[in-house]
Each structure stands twice: as C-alpha cells, then as structure tokens.
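Chemist: return a 3D structure for these sequence lines:
(4 chains)
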Amino acid sequence: MSKHVKDLVVTAVEKLRDDYAVIHLHDPAATLPEILPGQFVEVRVDHSPNTFLRRPISINEVDINKNEFSLLVHAVGEGTKAMLALKPGDKLNCLYPLGHGFTIPEGSGRQLLLCGGGVGTAPLLYYGRRLKEAGHEPTFLLGGRSARDLLQLDQFEQYGRVCCTTEDGTYGEHGRVTDHSVLKSQTFDAVATCGPMPMMQAVARWASSLNLPCEASLENLMACGLGACLCCVVKTIDNHNICVCQDGPVFNTQQLQWQK
Amino acid sequence: MSKHVKDLVVTAVEKLRDDYAVIHLHDPAATLPEILPGQFVEVRVDHSPNTFLRRPISINEVDINKNEFSLLVHAVGEGTKAMLALKPGDKLNCLYPLGHGFTIPEGSGRQLLLCGGGVGTAPLLYYGRRLKEAGHEPTFLLGGRSARDLLQLDQFEQYGRVCCTTEDGTYGEHGRVTDHSVLKSQTFDAVATCGPMPMMQAVARWASSLNLPCEASLENLMACGLGACLCCVVKTIDNHNICVCQDGPVFNTQQLQWQK
Amino acid sequence: MAKVNVNIGDGLQLKNPVLTASGTFGYGLEFADLIDLGRLGGIIVKGTTLNPREGNDYPRMAETPMGMLNCVGLQNKGAAYFCSEIYPKIKDLDTNVLVNVSGSSPEDYAECAAMMAQLDNIPAIELNISCPNVKDGGMAFGVTCEGAASVVKAVRKAYNKTLIVKLSPNVTDIASIARAVEDEGADAVSLINTLMGMHIDIRRRRSVLSIGTGGLSGPAVRPVAVRMVWQVAHAVKIPVIGLGGIMTAEDAIEFLMAGATAIEVGTANFIDPCASVKIAEGINRWLDEQGVADVHDIIGAAW
Amino acid sequence: MAKVNVNIGDGLQLKNPVLTASGTFGYGLEFADLIDLGRLGGIIVKGTTLNPREGNDYPRMAETPMGMLNCVGLQNKGAAYFCSEIYPKIKDLDTNVLVNVSGSSPEDYAECAAMMAQLDNIPAIELNISCPNVKDGGMAFGVTCEGAASVVKAVRKAYNKTLIVKLSPNVTDIASIARAVEDEGADAVSLINTLMGMHIDIRRRRSVLSIGTGGLSGPAVRPVAVRMVWQVAHAVKIPVIGLGGIMTAEDAIEFLMAGATAIEVGTANFIDPCASVKIAEGINRWLDEQGVADVHDIIGAAW
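Modeler: Residues are numbered from 1 along each chain as shown, chains lettered A, B, ... in the order given. Have a look, this model is predicted:
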C-alpha cells in the first residue's frame, strides 16, 4: 500500500454545522490507492500563516466510482478553519493513505460495536460500510454532549443499527456511550472506538471486562505522519514508545498503557 | 492630519495587467481624512504566510464623493500578489495617511514636469489632478521598458500633456525619460519624480543642471511607517539619517546625498 | 475587573503589565494619534546614548519568516538632546516613561544614566547591554557575567531609581548573567533582546543588511524568549520583564506564566500600532473570563 | 547542467550538496514510497546511541510561528540493533548513508562510533554534541570548547572515516567551538542543531512539552542559522554543512552563499516529504538559470 503526496481537487464541501464539514477530494489524474478504514491523511493547509505543520485527518468515506475520498473536519484551530473555507475546484495537498486501519474480521456475521464521539465518529462510517459489505453486522454507538453533536446519522443508518447518547438528553439515551442500554441488551464479538480519550478508555475498560477485543484509533499530535519524527508516540504495556502514525493510529487497546 | 488604522472595504479591483491592479478602498463608517498627493498607506496583508510586515503603497487617487481612495499595486512578492487576489467586499487593514506629500505651488499657472516610471507613476496621477485643480499645468513624462508598462495613460491625459518613452520604442519616444524631446522643447518651473532610483537620480541631475526645484518620492524598505523603527532612512547632504516614512517620502532632491 | 497593576522594584508602579519595547515605539508620540497612551503600563523610549549617533547605513531591515531583522544601530540624538527637546514633550504623558540607555563603556553608561536620574518624571531606565548592531553597543558587555556586572556596578552608583537591565539571548547561559546583574543591584531584568541573524539576498549574493548581521525579532523568536524567561525567573529573585514576539494577549500571558511580572510589546507595534493597547485590554478580559482576580495569580503559573 | 557534486573531507563524496537531517528522515525507508532516495547527496539516519533509549514521554512536539519544538529525546534501539537490523536494509541505497551518533560520555560516543566504523557502507558519522532534549545527551559537551574537544578527541581515536560534528546554537560563541573541534581532527562541522525553546499552553497553565523545553526548528530559526554558518565558515578551514529552516532551493543557496559546502534538509521533510529532492533539483535549476557552472562558485559568494 504505497503512500502518495499530491494536490487533490476539492469537489464538494458539505457543511454539517457551522464548524463541521465533509470535504470531498478527487484525484483527476490517477486511480486512488487502496484505502483501509481507519487510515488517515496528512493535509497541508496553505494561506494560514499560523499553520506550519500538516494536519492529520482521518478518512470518513471512500467513493471508488468517483475516485474520491472524504474527510470530516471540525474547525477548531486556524488550520481546520482554513479547510472549511475551501471551495470546489480548490486544491489541497494531501499525503495518504497513512497508518494501519481497523480489523475486518474473517468470515461473516460478526457483531461489532463501533463507539464514537465528536469528530472521532469519522472513520467509523467507512469502517461500518466495509464491515457490512464483508457480511458483518456493525452497531454504531455514537455519543455527544447534545443532539447537534451527532453527525451523519442518516449515513450510519445505512450500514447498521444506530444507538445514540447525549449528555443533556436531547437525543437518544441520556448519559455517555458506556451508559447505553445496548451494552446490556446485545452481545458483541468485538469493539472499535474513536473519539475523546476518556470515552475511548471507558469503552476499552468495558470491553476488557467482557474479554472482548477492542481497537481504538488515537489522535496524538504529530508532525510527519510517516514514522520519522517520533513525536506522536504512545506507551505500550511493555513500556516502549511506538508511533501512532505508523504503528497505529488503530491499536488493540490491550497493547497500550493508557487503558489501565 | 491625524493618522488612522482601520479595516477599509475593497469596492473594486481593476486589473490593468496580469500583475498590476488598482484597488479601491472605501471607509463605510467615517469621512476619510485629508490625503495629500504623495502620501502613502501601510497595508496589512493577511492570509499570506510569508508576509509578516505591512506593505507601504502610495496613494494613486482619492475620490471624496465616494469616500474612497485607490492604490496602484504591482504584484511582485507574496504580499502584493495576495492583494491582487482581493475581491470587492473584502476588508483590508490600512494605516493612513502617512508621510509628507508633493508641494502644490502657491499661485497658479506653474508648469510642472512629473516624471514617473513603473509603479512609481502611481502618486503622480493624484498629484497631477490636484495641480490642475489648483490652476497649474502639469506635464507627465512617463517611461517604461515597453508599451505595456505604461499605465493609466487615459487618466493622466485628463490633467495635462502626456509624454512617454519606452526603451524598446514600442510607444512614445525611444529611450529613457531623460532622453525625451519635451525636456528641450518646453520650459518648466519645477519637477517631481517617482520611480526606479536610477531614473529619479537622472531626473534630479537634469533638474539640478537647470536649477529647477525637484522633488522625489522614495520607496525604501520600511517596517512601521510612523518614524518609530528607523529602518527606512536616507542620508541627507549633511550626513544625517532621516526617515523616508516620516520626513518623506517626498524630498527635495537637494537635501539628499544620493543625487550626487 | 481583575487587578492588573504590578510593581517593578520599589520605584516603578505599572497600571498594567504592558510596556512598549525600546526602538519599536519611538518616543510614544508617533503613536498618539492612534492609541490612548494612558492605557499602557509604560513606554520605553528608544535607545539613548551619551553622544548622538547616526546609526548604520541603509538597508537596516529584512523580513524573515514570522520575524524581521534590523540593524538600526542605536541612531539617536544623544542624552542632552533628549533631556532638553524630547523630555518636555513626554514627561506629562499619563503613563510611565522609561528610557533605554546604551553606551560603549561603563563610564559612558553611568554618565548617561546620571543625566536621566535628573529627570523627575522618568522613574526607571532600561540598560541595554545587548545591542547586537553596533561594535561598541554593549553586546560585548552583555555576553559575559563580568562585562554585565561591570556596567551595572558603574550605573548603580550613578542612578538610584529603578534600574532594569536588558539581557542578550546570544549567550550560553542567560541565567548566570541575570544573577550577575542582580548581584550588582539591578532592580529587574528584561529579556530577550534580539537574536543575531542574517539574511542573504541570493540574487545580489550579499547580505540584505548594510552591516551583514542584524537582530531577529517577532513571533519566530517567541519560543526562545519564553524558555529564557522561564530559566531566568527561576534563577533570580528580582522581577523579570519578558519580551520577544508578543503579538496578542495570549502570547503575553504565556510570558507571565513563564514567570514574567511584566511584558514588553515590540515588533508587534509595526504590524498593528494598536497592538500594545489591545494586549493590555486582552489580558484583562482573559483574566476576567478565567475568573482570575489578580494578574499576580498567573505569574509563574506554569512552573 | 551545472556541476553540483561536493566533497566533505577526503572520504565523503556527495553527488549534490543536499543531505537529510538526522531525526527528520527516519532511516530513509519511510520516504522511499514518495521520493527517489538516489537523487539525494546523502541521508543522515536518526540519532543512534550505544544502548537503546526510549526517549521522552508524549507530548513531544508543539507548533510555533513558522517552526516547531520537539523533545523526542534520542529514542532509538541502540547501535547493535542498528548494525544488525537496520544497516542491512539501507546499506545498498543509491546514496550516502550517514549515521548521527549520540552519547553521554566521551567513551560512549567512541564506542558507538567504533561500531559504525565497522560498517563498510557508512562513509561518515555526524557526532551530535548538541541535543537539547536529554540531560545526558551531549548538549553539555556542545556548549563549551573543552567539552566539545573531549568528545571529538575520544571519537577521533576510534573512528578514521569522515567525522562531522553537529554544533549547538545555544552558545555565546559558536565559532570558537567549531575551532575547538577542528583542532581535534573533525573533518567537518554541521550547524545548527535546534535552539532551545518553550511553549506554554495557557489554558492548562503548563508547558506543552513533557519535559518543559524542546528544540526549535523550521524557517523561524533560519536567520540565526545563516548567521552562524557565516561566522563558522569564516573561522574554520574544514567544510561547513548548513541547516536550519531550509524549505526551498533558494533557502539552501542562501546557506551555500554564507559559506556552507553542503546543506541538510530537516523540518521541511515533515511539511513536504519531497522537499529534499525538490531542493536538490531546484539548486541545479537555479545554477543553470544563473549560468553558474559549478556549485563551488557560489559557496561563500556572499562573503
């Protein structure tokens, strides 16, 4: 799976909210390489004087027919704000696909729980579709502070059951993802999670308590995305530092110290 | 004449050539202060990562009725290129009006020769209009490498006779401004010049040989535009360093060492 | 409204921690059209020497990535001119007016400082032992403990008001130099002066600046400045005044949290002449938003 | 086509003056998908120590204006692992492979260097006496002439191929340190390593980096790097390798004109993984456009 760095063409910027958008990127010149769910892109943001480094953004969906993929971007800093100001036809320099993805189990009919929060739901959409296409049955458990934080629900519903929690009770069950009744009412073969660290840790603890394999996708600060700068490290249970960009971003949570 | 710093609104960007444009700036909130011909603006260019300092740009024209002034901008670096990409409705942070202007003689009927080259012709347009309105008779002597370098000729023609030279002979007389026949065929009471340093020096030498007062507008590298940083200095004949931004940009050339 | 006044030694009360840096704000009057000088903690007027100096030849500046180089070289009309011509115009400003003093020998510095001591409305001077742009402009003093101590010792005898010493970052161990000037009786240190740099115009195959090298300032140097303020604030007991690439209130707060009691706004004045006042207001607003009652509560908060 | 090959000492021939800086390019293999490594003068693989090191805790980086801070802290699997596991994979690359060697005592450095001397296809090492991110990582050696000389002396006895010494910019007088390592037999010096800096997260009221301070790199530091290359190139006779914020061919040419014989591309590799090759091509193109027949004709051209 070779890496590429090139200017992709923005074909659409779908605003989901004032501060969230899905940016569709097309390669007009060559067929996109194989992209696995959970992999990410390092985006170079020009015209933003305070944005020096690339921004790692996980891949939200891939459309082979259109030869494009999309990124779900939350405008929090100057770099991501500049990305939300992109217009169709603009170019965006991308380094992709990076890292290792989520596991798609052998066989079929596996029940997988995909837990996401915030912009961390992004890779779960593509992962869910790939799971469904492989004959598995993903359940999406998506959490937010409020109803407006739950994004792309109609798209998730195409691929499996969608359960939601909100901290203010404005949508789905009241509470956090680990409070949701589906955790008791349904049994799962494996768990995947992406979102805020406390959420992922809670999900991993719950999975561990049931001896379920659990994969988490981490979002450490990083520079190169290629395993060269060694900035994005996470500690393994045997006390080694490994790179989120290259050894992850998806890890079996049993591998990591932070689960404890 | 107090100074202001504020976001002005771009009302039009008239492209004169690929790399030249007249940018019209309007103050929607307050009446523009009095602006003298030869004064300049320090423009802050956002969204240009390599443009840290403001860019000094001389004022091309003032339209009191529209409460706007205009800048003739030559896109040579990233800052000026970013300015040419402005669209009507965009804001541009400006510090203005700065420096001292050209002299408008007492009385009326004076014959003034205004010699310009390149983007240095910019302040001569507004100066020419003000001279004409004061009852004087400006003659414009404009030089360029080629016909395409001569800008705004139709506007200059409204205010006085326009004489041109080109180095390749494609428009006006062949040669440099100081070769033009008008210097012999007509007599002048005073001279003003703005443009490349060798041109201004040649004009000043010619004026000096006829004992004509000559004013030149300088374009030194500067930071603050307010006389604080002391970066834009020029040497006087008595060997002092004075600021182009505050003591100029218009100087009587007899004051300066570079004339020699 | 949070309390934002701070003291530098016994003799200098600032209504807020924001000063303007020497050489970036003229004599303050250049900015009077644009901002209310009374909203600043103080202004530090441009480097003054005993005798007039013409400074270096043009070009004196170059733009660099998020910064600028300058080699002005202490152009000023001398201490006597300052006292007779400038001081009367600025002595009644509604803010503290400090003078930055440079020299080429300890005696020089002391004589110039003694003249400033006579001016009632100048509560403090900032001793520039770190100008990188003139051969005899103090950086030779500022890069060794002995040199720095010798200047402070001479000036301390001649000057009994608040004495701030501006330190050079072009050194291996800025903390030990800070301790050396503290030991000689300095009331405060300010840092950083500019980092020595160079920019070559490859088309002309020569340095852009007339004297080759210049001093680098602006946001580019801010991480170095924050680190040095942190190191010096841990090393001395006297107040530290932080500067180096402060453009916003958030940047200023970073220096306060590193251990600075006050800050100076320098190059930002060239980008936005209102920067200093906006920073003073922004500090206030930030403290209020965070529920911090007194700016002292965040000084050194990151230790 | 201009001649662009340069030699560093007798033992290192570069097909062009572009090297990749240690710690920014992994072992080169990480970039092999994206660029043709054969178009580089050489690659300097990441800092290697005698024994394995885990480096510092996360977070290890912070973005700053036109730059970044890092405090990786020499994470590597040790010299033996490098020799047995990495070297076989990179020894036949169509470019020079150099190893950056770090240590915590002269003996340490020498032992690690001796292991590298056994590797036929490693023509040179770069001695890192300037890592600001580990207490025992060499910066203590790199900031005094005596310390720097002691390491070079020990290594010179154990290593007879091309020895490059990477200098710290966090010093008062980098030229004298360069002379000290030249006197002990270094074949070349490379500079600058990172400037020590800090960035405070004001919301969390603490330094962003796990160990407080880190090393600043990127365009922000380029003016300081050019100035130091200029100073060192005037002070020593051995070749100088310049680095610090080189993003484009024009930046690289600035260092060559300041007196560098070759350059290293560092942080730029993070922004554009193709930067090093683009810079090598860009130097060639610029020389051709300017009618310069040999890159040596512009080395020191701004003196």
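Chemist: so which residues on chain A come close to chain D?
Modeler: Taking CB under 8 Å from any CB of the partner chain as the contact definition, chain A meets chain D at A:2-5, A:44, A:50-54, A:93, A:95, A:220-224, A:226-235, A:239-241, A:246. All C-beta atoms are positioned from the backbone trio N, CA, C, and that covers glycine.
Chemist: what bits of chain C have low per-residue confidence?
Modeler: Scanning chain C for pLDDT under 70 picks out the ranges C:133-139.
Chemist: so which strand or helix has A:S70?
Modeler: strand A:68-74 (DSSP states H and E).
Chemist: C:K46 reaches C:A21, doesn't it?
Modeler: No. In this structure, C:K46 is not within contact of C:A21 by CB atoms under 8 Å, at 9.7 Å.
Chemist: those two - which one has more neighbours?
Modeler: Taking neighbours as other CB atoms under 10 Å in any protein chain shown, C:K46 and C:A21 compare with C:A21 leading, 27 against 24.
Chemist: got the residue ranges for the strands in the stretch 51-200 of chain C?
Modeler: Assigned by DSSP state E, counting those that start in this stretch, the stretch 51-200 of chain C shows strands spanning C:61-64, C:67-70, C:96-101, C:124-128, C:162-166, C:188-191, C:195-197, C:200-201.
Chemist: which other helices and strands contact the following helix or strand past the last one?
Modeler: It stands for strand C:200-201. Downstream of strand C:200-201, the first helix or strand assigned by DSSP H and E is strand C:206-207. Using 3 or more CB pairs under 8 Å, 6 or more residues apart in numbering or on different chains; DSSP states H and E, the elements in contact with strand C:206-207 are strand C:200-201.
Chemist: direction included, what does the strand it packs on pair against?
Modeler: Paired with strand C:200-201 in the same sheet, following DSSP bridges, are strand C:206-207 (antiparallel).
Chemist: which one is C:I192 nearest to, not counting chain neighbours?
Modeler: C:P169 (3.8 Å; CB to CB, 6 or more residues apart in numbering or on different chains).
Chemist: on that earlier part again, what about burial for the residues of chain A next to chain D, which qualify?
Modeler: Buried members of the residues of chain A next to chain D, counted by 16 or more other CB atoms under 10 Å in any protein chain shown: A:3, A:5, A:44, A:50-54, A:93, A:95, A:220-224, A:226-235, A:240-241, A:246.
Chemist: now do the same end-to-end measure for stretch C:19-35.
Modeler: Its start and end residues considered, stretch C:19-35 measures 14 Å (CA to CA, to the nearest Å).
Chemist: so is it next to chain B?
Modeler: Yes. Counting by CB under 8 Å from any CB, chain B has neighbours in stretch C:19-35: C:23-26, C:30-31, C:33-34.
Chemist: mind showing which ranges of the stretch 1-150 of chain A have poor pLDDT?
Modeler: By pLDDT under 70, the low-scoring segments of the stretch 1-150 of chain A are A:1.
Chemist: give me the number of residues near C:D288?
Modeler: 12.
Chemist: skipping its backbone neighbours, what lies nearest it in space?
Modeler: Looking at C:D288 with CB to CB, 6+ apart, the closest residue is C:A2, at 5.6 Å.
Chemist: which phi and psi does that neighbour have?
Modeler: Phi and psi for C:A2, reported as degrees, to the nearest 10, are phi -60, psi 150.
Chemist: wait, what's in contact with it?
Modeler: Residues in contact with C:A2 (CB atoms under 8 Å, 6 or more residues apart in numbering or on different chains) are C:284, C:287-288, C:292-295.
Chemist: so which elements touch the lengthiest helix in chain C?
Modeler: Taking DSSP state H as the criterion, chain C has its longest helix at helix C:275-290. With contacts defined as 3+ CB pairs under 8 Å, 6+ apart, the packing partners of helix C:275-290 are strand C:18-20, helix C:249-258, strand C:262-265, helix C:268-271.
Chemist: C:A275 versus the residue of the stretch 101-250 of chain A at minimum distance from chain B, what's the distance?
Modeler: Closest contact between the stretch 101-250 of chain A and chain B, by CB to the nearest CB, is at A:A223 (17.3 Å). Going from A:A223 to C:A275 by CB to CB, to the nearest Å gives 30 Å.
Chemist: which residues touch the closest residue to C:A114 other than its chain neighbours?
Modeler: Once flanking residues are discounted, C:A114 sits nearest to C:A158: 4.1 Å by CB to CB, 6+ apart. Contact analysis of C:A158 by CB under 8 Å, 6+ apart lists C:110-111, C:113-114, C:117.
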